[in-house]
Structure formats: structure tokens, C-alpha cells
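Sequence and predicted model, in that order:
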Amino acid sequence: MSSKIKTLPAPHKRTVTLLGSTGTIGQSTLKIIGEHPERFEVTALTGGNNIELLIEQARKYKPKRLAVANEAHYANLKSALQGTGIDITAGEAAVVEAASIPSDIVMSAIVGAAGLKPTLAAIRRGATVALANKECLVCSGELMMREVKKHSAMLLPVDSEHNAIFQLFDTAHPEQVEQVTITASGGPFRTWTYEQMKAATPEQAVRHPNWSMGAKISVDSATLMNKGLELIEAYWLFPLKTQQLQVLIHPQSIVHCLVQMVDGSVLAQMSMPDMCTPIANALAWPQRIKAPVAKLDLAAIGSLQFETPDTARFPALALARSAMETGGNAATVLNAANEIAVSRFLNKEIAFTDIAKIVEKTIEKTDNTQLETIDDVLACDNEARAYATGYKI
Ligand code: NAD
Ligand code: MG
């Protein structure tokens, strides 16, 4: 009997920093880490406001460092975790600092542009970053990719479509690829008229047919802004021209991307709509590990449908494509205005269909300029937020 297998070295235990551990992606990441204790250990966890869950996670995964963004929670956290030896910190700077401490892989899973500074801190120490937080790439794509190169960092896409492209796209040979299509479920209002969508409530908007996600991305999926942000995300992650990127509506969310090669072959990545697959793929890359997901049963699903997106009913998708093509600060403004408009909708201040309107008006109002530094990005983001917050419908 060959003893070759027995002589292979034990797999290296990866240390993981998790930014946004209390969110949907954060919880799925910890679920996978919990199923592979021989492979992963947690270096740092960060959260925003869900203090009970953060305490529970800290007790279970025993990070060296715990950072809570909201300083008001510091005292409670400190007393609840007394005697554990965990280094507890609070505030925005503490989250950035947690991202800076050494670890093998950083899961960037904070929602929105709030994830930009911590993600950049990880990139600037040359980390391998599993990127779920698409907004930071949308609002500062050019600068972020420049920092990745400068510091020899690496981005592993976690967003399901981008993880799918990552699995199929040989970036050494971009000339072999003609077109990349990312799919969208179409969200809960796929078959609604524009008139019906005017009366859509936050409760209806966050009830996604296939995926279980945080509130902001669920609303983005309902407006199709999520797919627009993902076009921009793909543009920065892969060597593709804007016109090579396409979107198809696919209500079953089984095929996540289609990579069309110049010879007419089309490669598809399929999996159940469960973020545990792309998260496991990124955490273990370039190896593969077992993920806690249901087996794909195509016979049970029966048929897969595809449709062209309707940008008249879902104008956010067209706005995002236009921002991608315009370049400069357009995507930064789009992202900031969208974050504000989504939160105004969730607060029941505006109608669902006003989200895209506010984004459009904010872009119209802003001069297109180049953003040279991260401070320029943050200033532009702030200005767009202020305009979108004050915009009267
Ligand atoms: P979520 O709302 O469930 O969780 C967000 C996390 O960010 C929480 O841990 C929260 O405490 C933290 N957070 C929020 N504001 C913060 C701040 N100002 N400072 C520090 N931490 C803060 O969101 P989610 O659904 O897990 O999504 C996270 C990111 O992953 C988003 O960018 C989203 O677009 C992306 N993503 C999510 C999914 C999904 O299925 N949920 C899929 C693809 C991509
Ligand atoms: Mg996605």
C-alpha cells in the first residue's frame, strides 16, 4: 500500500478576521468556520449593533480581538466578556485597527461604504481579502485596485456571481473571453408593473424569493440596483470592458454566471442559492472544502428560465450601467445616493420607485470629476449623501 497520502503535511490552519460578523454573510462565514475547526481559527471579529450576537460569537469562536463599531456598546461588551482574555475595542477606528492585525484571510462583510476604510486597511497590509462588501469596490474601484496592486494584496470575490466568474475565468487569457453574463433573480417584484411597485412596502421588498440576505441588499435586489452594483464590481475585479458585461434575469438563481468564450463555448457555474458555497470557496481557495448546502437537484427544479431585464420598470440597472461607463466619480455618487435612498425607503419616508429617482437626481446634480485619493472618494460620498438625504420628492 502506498504511504504517500499519509506523508503529506497537515493542512495549514488559516487565521480569519471577520468584518461584519453579525450580518448574514458574517454568520454564514462563522457557520463554515465552525464546521472546519481543523482548518480555521478566528483572529478578530467586528460588529455594529447586534451586541447579544457579538457576545455569543466571541464566546464560541474565541477571537483575539473584538471590535464593535458603536462605542455605546463598549461597557456591556467588556463586562459580558470579562475573564475571556479577548481584547475588546470600540469605535470606527477600532474596526479599522482590527482589520490591520495580521491574519491569513479577511472576510470583508460590512454593508455599504462603511466597509471601505477597514477593507483598505486589510489591503494595505497585503492581506488576502475575501470580498463580500461590493459597495467599497463600487465607490472607489480604481483606487482600491491600485492599492491591491501596490501592496500585493489579493481579492477573492465572495459575491456569488463574481465568485462564479472567478471559478471560470482564466485571467491569464482574457482574449479568450467574449462576454460575461451575470444573472439576477429579478427579486420579489419581477412580475409587478411600475404602478404596482409605487405602493411596494419595505416588508414586501425585503422578502426575497430565493436568497436570505440583509435588508439593504434585499432592497437592492428588488430595485435591481444590486445587479447594477455587481456590473461595476465585475468591471473592477476582472479584465473586462464595460460592453462585455451583461445581465440576464434568471428567476431560479441556480446559474450564477455565464462566461462566453470566443469559440462559442459558454461556461456556466451552477449551485444552490446559498452564500455558503461562495464563502467556502473563498475561505478555502485554492482548495475546496465541504459546505453546509443542499445538493443541487436539477430534475427536482425542472426548468431554468432566462429573461432580458426590463430597464423601464427597473431604471436602477440602467443608472448603474451608465455610471460604470461614465467613470470618474459617477459610481461613488450612485452608491452613496442609493444607500441613503434605500434607508429612506426602509424608514417609510419615500416610495419604492423613488429610490432610483433620488439616485438619478443626485447624479444629475453632481459634476463628473476624477477622484485622485481616498479622501476625494470620502468627500464625494459625503456630498452625495447630503444631497440624497435632503432631496424632496
Ligand atoms: P447585513 O446587514 O446582514 O450585515 C451587515 C454587517 O455590517 C453587520 O455585521 C453590521 O453590524 C455591520 N455594520 C453595519 N454598519 C456598520 C458600520 N458603520 N461599521 C461597522 N460595521 C457595520 O448585510 P449582509 O447581507 O451580510 O451583507 C454584507 C455585505 O455583503 C454587503 O455589502 C452585501 O452587498 C454583500 N453581499 C451579501 C450577500 C448576502 O447574501 N447577504 C450576497 C452577496 C454580497
Ligand atoms: Mg450577488
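That came through fine. Ligands and ions are numbered 1, 2, ... in the order given.

what number of residues lie near the residue nearest to residue 239 when sequence neighbours are not counted?
Using CB to CB, 6 or more residues apart in numbering and skipping the chain neighbours, the partner closest in space to residue 239 is residue 174 (4.2 Å). C-beta here means a position set from N, CA and C on the backbone, and glycine is covered the same way. Residues near residue 174, counting by other CB atoms under 10 Å, number 13.

wait, doesn't residue 16 sit right on residue 37?
No: taking contacts as CB atoms under 8 Å, residue 16 lies outside contact range of residue 37: 11.8 Å.

residue contacts, residue 245?
By CB atoms under 8 Å, 6 or more residues apart in numbering, the residues touching residue 245 are 179, 180, 181, 182, 231, 234, 235, 324.

how about a cut-off of 7 Å?
Neighbouring residues of residue 245 by CB atoms under 7 Å, 6 or more residues apart in numbering: 180, 231, 234, 235.

Save the residues you listed as TSV, and put in neighbour count, secondary structure and distance to ligand 1 too.
Below are these laid out as TSV (neighbours: other CB atoms under 10 Å; DSSP: H, G, I helix; E, B strand; the rest coil; distance: CB to the nearest ligand atom, whole Å):
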residue	neighbour count	secondary structure	distance to ligand 1
180	24	strand	17
231	24	helix	14
234	25	helix	13
235	22	helix	16
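
show me the contacts for the residue of the chain found nearest ligand 2.
Nearest to ligand 2, among the residues of the chain, is residue 159, at 4.2 Å (CB to the ion). Residue 159 makes contacts with 132, 134, 230, 233, as judged by CB under 7 Å, 6+ apart.

Who wins on neighbours among these?
residue 132 (30 neighbours).

Quick one, grab the pLDDT at that one.
pLDDT recorded at residue 132 is 98.

Against residue 363, how distant is it?
Going from residue 132 to residue 363 by CB to CB, to the nearest Å gives 25 Å.

do the same with residue 246
Distance, residue 246 to residue 363, using CB to CB: 22 Å.

So if I had to pick from these two, which one is more boxed in?
Between residue 246 and residue 363, counted using other CB under 10 Å, residue 363 has the larger neighbour count: 21 against 16.

Chain neighbours aside, what residue packs nearest to the residue in the stretch 201-350 of the chain positioned nearest to ligand 1?
Going by CB to the nearest ligand atom, ligand 1 is nearest to residue 214 of the stretch 201-350 of the chain, at 2.7 Å. Of all residues beyond its chain neighbours, the one nearest residue 214 is residue 24 (5.0 Å), with distances taken as CB to CB, 6+ apart.

Just the pLDDT for the one you found.
In this model, residue 24 carries a pLDDT of 97.

Contacts only, for it.
Residue 24 sits next to 212, 213, 214 when contact means CB under 7 Å, 6+ apart.

Swap in 10 Å and give it another go.
109, 111, 132, 211, 212, 213, 214, 215, 217, 218, 275 (CB atoms under 10 Å, 6 or more residues apart in numbering).

can you check residue 280 too?
Residue 280 makes contact with 28-29, 31-33, 35-36, 163, 274, 288-293 under the criterion CB under 10 Å, 6+ apart.

burial count for the residue of the stretch 1-150 of the chain found nearest ligand 1?
Closest approach of the stretch 1-150 of the chain to ligand 1 (CB to the nearest ligand atom) occurs at residue 23, with a separation of 2.0 Å. Neighbour count of residue 23, defined by other CB under 10 Å: 24.

so residue 269 is in which element?
Under the criterion of DSSP states H and E, residue 269 resides in strand 266-270.
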